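Engineer: how would this look folded up:
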Amino acid sequence: MPHVAQAFLRRAVLRLRHAVSPSAGEPDLTREMASHLSLLEDDFVRRGMTRVDARFAARRAFGGVALARDLHRDARSYAWLDDLRRDLLYAARTLRRTPGFTVVAVLTLALGIGANTTIFSLIDAVLLRWLPVRDARQIVQIGASTLPYPVVDPLANQRDIFAGAFGYGTASFNVGRPGAVERTSGAFVSGSYYDTLGLQAVAGRLLARDDDRPDASPAAVITDG
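Structural biologist: Model prediction:
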C-alpha cells in the first residue's frame with residue numbers, strides 16, 4: 001500500500017505540474033509520439049511498403065497526431081485546470097488589447113462588489129446579528145404605523161404575559177450649540193425602553209417610567225458618538 005500511495009502522489013504532482021506548465025512535458029511527448037510513428041512505419045516497411053507509403057500508413061493508423069497530443073495532454077494533466085489556465089490567459093490578452101473595455105469592466109466589478117458588501121453589512125447588522133441587549137432571542141417586535149402610548153403602557157404592566165414592553169418611533173433632531181446645530185437621527189421611546197432591554201448608562205442616567213408623566217421635565221439620552 002505505501003508504494004501505491006507514493007505512485008498515486010507522484011502522478012498527482014506530475015499532473016499538476018503539467019497543468020500549470022504544459023510546455024515542460026512537450027519534449028517527452030514529442031519524442032514518445034515520434035517513437036510510436038517510427039515503429040509503425042518500420043512495421044509497414046517490413047510488410048513490403050515503400051518508406052513514403054509506410055509513413056502515410058503509419059500516420060493513418062496512429063489516428064491523427066493533433067488528436068493524439070490532446071488525448072495525451074488530458075491524460076497526464078488535470079483537464080479542467082488546464083482549461084482554466086487557457087481561459088485566464090485568453091481573458092488577459094483580450095483585456096490588454098482593449099484597455100477601454102478593461103477599465104469599464106474593472107470599475108463595474110468594483111462598484112458591484114462594493115454595493116454588495118455594503119448591503120450585506122447592513123443586513124448583517126440589522127437582520128442577522130442579535131441585538132447587544134439582554135435576552136435578545138426573546139424580543140418580539142410588533143409593527144404598526146401608529147401605536148399610541150396609552151396602549152403601550154398597559155402592555156408593560158402585563159407582567160404575567162410580558163417581561164417588559166416599550167414603544168419607540170424613529171425621528172430626526174436638531175442637536176448642537178446655537179450656530180452649530182446639526183441634524184441627527186434618533187428616536188422617541190417610552191420610559192420602559194432601557195429597563196426592558198437591560199441597558200446601563202456609562203454616565204448620568206437613562207430614561208425611566210417616571211419620565212412618561214405629563215409633568216416630567218424633558219430628558220434625552222445621547223450616545224458616545
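
Engineer: in the chain, which spans are helices?
Structural biologist: With helices called from DSSP state H, the chain shows them at 2-20, 26-46, 51-62, 65-76, 79-97, 99-123, 149-157, 193-197.

Engineer: and the third one, what does it pack against?
Structural biologist: In other words, helix 51-62. Helices and strands touching helix 51-62, by 3 or more CB pairs under 8 Å, 6 or more residues apart in numbering; DSSP states H and E, are helix 26-46. In this view, the C-beta of every residue, glycine as well, is placed from N, C-alpha and C.

Engineer: and the angle for the helix it packs on with helix 51-62?
Structural biologist: Relative orientation of helix 26-46 and helix 51-62, computed by axes from the mean of the first three to the mean of the last three CA atoms, to 10 degrees: 120 degrees.

Engineer: and helix 26-46, which residues are buried?
Structural biologist: By neighbour count, with 16 or more other CB atoms under 10 Å as the criterion, the buried positions of helix 26-46 are Leu29, Leu37, Leu40, Glu41, Phe44, Val45.

Engineer: before we move on, what about stretch 185-204?
Structural biologist: For stretch 185-204, burial by neighbour count (16+ other CB under 10 Å) applies to Val189, Ser190, Gly191, Ser192, Tyr193, Tyr194, Asp195, Thr196, Leu197.

Engineer: want to throw the residues you listed into CSV with distance to Ala115?
Structural biologist: Conversion of those to CSV gives the following (distance: CB to CB, whole Å):
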residue, distance to Ala115
Val189, 32
Ser190, 37
Gly191, 40
Ser192, 39
Tyr193, 34
Tyr194, 35
Asp195, 39
Thr196, 36
Leu197, 32
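
Engineer: and those residues, which is closest to Ala57?
Structural biologist: Minimum separation from Ala57 among the buried residues of stretch 185-204 (CB to CB) is found for Leu197, which lies at 89.2 Å.

Engineer: excluding chain neighbours, what is closest to the closest one?
Structural biologist: Sequence neighbours aside, Val133 is the residue nearest to Leu197 in space, at 4.2 Å (criterion: CB to CB, 6 or more residues apart in numbering).

Engineer: look at the one you found and report its pLDDT.
Structural biologist: Per-residue confidence for Val133 comes out at a pLDDT of 73.

Engineer: check Arg59 too.
Structural biologist: At Arg59 the predicted local distance difference test score is 74.

Engineer: where's it relative to Glu41, distance?
Structural biologist: Going from Arg59 to Glu41 by CB to CB, to the nearest Å gives 9 Å.

Engineer: ok, now Pro150?
Structural biologist: When distances are taken as CB to CB, Pro150 and Glu41 turn out to be 103 Å apart.

Engineer: per the record, what domains does the chain have?
Structural biologist: 2-97, 98-129, 136-212 (automatic domain parsing).

Engineer: so for Ala220, which of those sits nearest?
Structural biologist: Nearest to Ala220, of the domains of the chain and by CB to CB, is domain 136-212 at 8.1 Å.
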